[in-house]
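*Asks:* here is a sequence with its predicted model. Questions after.
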Amino acid sequence: MLEGLELLAEHGCFGGQQRFYRHASAQIGLPMRFGLFVPPQPRALLVYLAGLTCSEETFAIKAGAQRLAAELGLALLTPDTSPRGAGVMGEADSWDFGVAAGFYLDASAQPWAQHWRMESYLLHELLPGVQKELGLSAQSTGLFGHSMGGHGALTLALRHPGSFRSVSAFAPVCAPMQCPWGQKAFAGYLGANHAAHAAHDASALMLSQTRPPFPAGILIDQGLADPFLATQLMPEAFEAACLAAGQDLTLRRHAGYDHGYYFIASFVNDHLRHHAAHLLA
Ligand SMILES: N[C@@H](CCC(=O)N[C@@H](CSC=O)C(=O)NCC(=O)O)C(=O)O
């Protein structure tokens, strides 16, 4: 059970409930919030990791995923994107580092290491707590995300084999060691340790696989009018790594779509069906 769990809001939604909670996180050492859509009959759990500047509310409000999730029996867990209120100097000075930019890893460098522990928080606290509450296991848990959260989805799925049965992403940061967002985050949170950076880079992780880690295949959607495509996202690096590892990847490139939630809302049903096909089989 999650310590100090408080229900902050609950809204009827397509026969289920969209809920928002706060709890006292032992891993983060601060209160954390999360969203949970509970369908009428929960059969599987899908975790969505949001991008830079987002919160536990962004996907729930903007993606329009609840109608199909209710039909398929998918519970949707939407964690926040970083600790908040830690009081670390400069934590809110940038939109791509610090608050709302946790990059889904455990920081090892100061002054971030005490609270910026998003990987341990998700894997060892929030996810087990919610799975227990819903009576669901890793066998019926999938992971997806957007941009920084797409990086989180790919890297956490690769770093924790067996924790997620299906994975997908919208416009993920695919090669953080090669892009400004990733280089800034990794230098700040992990210091100058190249091996630590590689251990959180989806393309480097995929290249290091000795067998295809996701036999069910990985789905990625990417807009071609996305202003971050060439400089920050680099899906071609992950595509090449999947090819080298023998990992089945469906990478769909869509003309006319940018980086925002109109793009996500346009393709979110395909992601729900991708996960349902594997989680409910
Ligand atoms: N403030 C920035 C843009 C921030 C932005 O685009 N955030 C994306 C995620 S980017 C990668 O992780 C997002 O999902 N925003 C929320 C939304 O509702 O669109 C700028 O000024 O460029």
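*Replies:* Yep, that arrived.
*Asks:* can you list the residues of this structure near the ligand?
*Replies:* Within the chain, the positions near the ligand by C-beta under 6 Å from any ligand atom are 51-54, 58, 62, 95, 146-148, 259-261. All C-beta spots, glycine's among them, are computed from the backbone N, C-alpha and C.
*Asks:* now those residues in a markdown table, with neighbour count, pLDDT and secondary structure?
*Replies:* As requested, the residues of the chain next to the ligand are exported to a markdown table (neighbours: other C-beta atoms under 10 Å; pLDDT from 0 to 100; DSSP: H, G, I helix; E, B strand; the rest coil):
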| residue | neighbour count | pLDDT | secondary structure |
| --- | --- | --- | --- |
| 51 | 29 | 99 | coil |
| 52 | 23 | 98 | coil |
| 53 | 14 | 98 | coil |
| 54 | 22 | 98 | coil |
| 58 | 22 | 99 | helix |
| 62 | 16 | 98 | helix |
| 95 | 11 | 98 | coil |
| 146 | 30 | 99 | strand |
| 147 | 26 | 99 | coil |
| 148 | 29 | 99 | helix |
| 259 | 21 | 98 | coil |
| 260 | 15 | 98 | coil |
| 261 | 20 | 98 | helix |
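*Asks:* how many neighbours does the nearest residue to residue 15 once chain neighbours are set aside have?
*Replies:* The spatially closest residue to residue 15, leaving aside those adjacent along the chain, is residue 40, at 4.4 Å (C-beta to C-beta, 6 or more residues apart in numbering). Residues near residue 40, counting by other C-beta atoms under 10 Å, number 11.
*Asks:* tell me the pLDDT of residue 40.
*Replies:* On pLDDT, residue 40 comes in at 98.
*Asks:* list the contacts for residue 244?
*Replies:* 206-207 (C-beta atoms under 8 Å, 6 or more residues apart in numbering).
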